[in-house]
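>>> Provided below for reference: sequence and predicted model.
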Amino acid sequence: MAGDGARLLLHRGRVRSLLGERGDGTWIALRGNRVLAIGRGQIPRSLRRAPALDLEGRTVLPAFTDAHAHLLRIGLMRLQLDLRGHTTKEEVLRAVASRARALPPGAPIRGFGWDQTAWGESAFPTRHDLDAVAPAHLVHLERVDAHAVWANSRLLATAGVTAVTPDPPGGAILRDARGEPRGIVLDRARDLLRPHLPDWTEEERVAALLEGAAACHRAGITSLHDAAVTASTLRLVHRLLGEGGLPLRVYAMLHGEEALGEALPQGPQVGLHGGFLTVRAVKLF
């Protein structure tokens, strides 16, 4: 029967096939990455020899596709200070201070996920808060919504952001009563700081892509639409898929003149690397 040769049997659960109720069941037989059979009630004798996992009423669903994600960013976030869940500014500052003690002066301290509203405060923090714990580093902390960056005085000075720096189109530099930068830049003003941080190394970017894929798997995601893939990132995705090291299907939306310039002569590419990569969209913003 179709279920012969199963390597894993999940039973006593609710198996949703998304093919309608007639395709659902209480058990599912698997071999490798293939579904061999889904059934209800009595399990065929030929399947009972397979290693079994009692679902205890849990639900099994097909894997998910994330329709808008950033694979590299997912992984890079895990190489930074994770500031989500901190309920006071002091907790965030302690995390920054700890990282500063572990890094040489002048090194970047990257973080993400802070949210002043979770601290019971409405006002944004300032550069002076960061200067007190990491004056000699380049501190770049992204807010939870990715629309604001909290920076220390060292990074602002390195980037040349001063009282006379104009707000860029689509962005804002928050200022104090004297017009001096407070340490918060919004939206397009973030671009004033990024070029003054060291680039991630290729090894770090590869590690981030692999960690991003692992994070997707932990959430039940096996395919994603990567919205804004640069030329350098696409080359790494090609490399990892060619080596068999990226267990994720990627629908790439290209971003940047270099990526578009390299892709236009080839045109849309569908089903590369055994169906794991499609390149036929462009992200503009």
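Perfect, I can see it now. Numbering: from 1, shown residues only.

>>> Domain ranges for this structure, per the record?
Structurally, the chain divides into domains by automatic domain parsing as follows: 8-62, 68-72+200-282, 81-196.

>>> Just send these back as JSON lines, with mean neighbour count too.
C-beta coordinates here come from the backbone N, C-alpha and C atoms, glycine included. Formatted as JSON lines, the domains of the chain follow (neighbours: other CB atoms under 10 Å):
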{"stretch": "domain 8-62", "mean neighbour count": "14"}
{"stretch": "domain 68-72+200-282", "mean neighbour count": "17"}
{"stretch": "domain 81-196", "mean neighbour count": "17"}
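
>>> Format those as JSON lines; extra columns: mean pLDDT.
Output for these, formatted as JSON lines (pLDDT from 0 to 100):
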{"stretch": "domain 8-62", "mean pLDDT": "92"}
{"stretch": "domain 68-72+200-282", "mean pLDDT": "96"}
{"stretch": "domain 81-196", "mean pLDDT": "97"}
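
>>> tell me the secondary structure for R101?
Of the three states, R101 takes helix under DSSP: H, G, I helix; E, B strand; the rest coil.

>>> correction: P265
Classified using three-state DSSP, P265 is coil.

>>> Torsion angles phi and psi at it?
For P265, the backbone dihedrals are phi -60, psi -30 (criterion: degrees, to the nearest 10).

>>> what about it, distance to A231?
Distance, P265 to A231, using CB to CB, to the nearest Å: 13 Å.

>>> Give the next helix or strand downstream of the longest helix anywhere in the chain.
For the chain, the helix that runs over the most residues, judged by DSSP state H, is helix 202-218. Using DSSP states H and E, the next helix or strand after helix 202-218 towards the C-terminus is strand 221-229.

>>> which outside residues touch that following strand?
With CB atoms under 8 Å, 6 or more residues apart in numbering as the contact definition, strand 221-229 has outside contacts at 63-71, 216, 237, 247-255, 259, 281, 283, 285.

>>> In strands, which of these fall?
64-69, 249-254, 281 (DSSP state E).

>>> For those, work out which two are farthest apart.
F64 and L254 (23.4 Å; CB to CB).

>>> and A136, backbone torsions?
Taking degrees, to the nearest 10 as the convention, A136 sits at phi -100, psi 0.

>>> and what of L138?
According to degrees, to the nearest 10, L138 has phi -100, psi 100.

>>> Next: L10.
Torsion angles, degrees, to the nearest 10, at L10: phi -100, psi 130.

>>> cool, L174 as well?
phi -70, psi 140.

>>> how much space between it and P181?
7 Å.

>>> what does stretch 98-105 contact?
With CB under 8 Å, 6+ apart, stretch 98-105 has contacts from L81, I109, G111, V133, A134, A136, H137.

>>> just those now: which is nearest T88?
V133 (13.8 Å).

>>> hang on, the earlier thing: in TSV: the ones in strands among the contacts of strand 221-229, plus distance to A37.
Converted to TSV, the ones in strands among the contacts of strand 221-229 look like this (distance: CB to CB, whole Å):
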residue	distance to A37
F64	22
T65	24
D66	28
A67	30
H68	34
A69	32
R249	24
V250	30
Y251	30
A252	34
M253	37
L254	40
A281	36
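
>>> Which helix or which strand is home to the residue nearest the centre of the chain?
Centroid-nearest residue in the chain: I74, 1.3 Å away (criterion: CA atoms, centre = their mean). Using DSSP H and E, I74 falls within helix 71-77.
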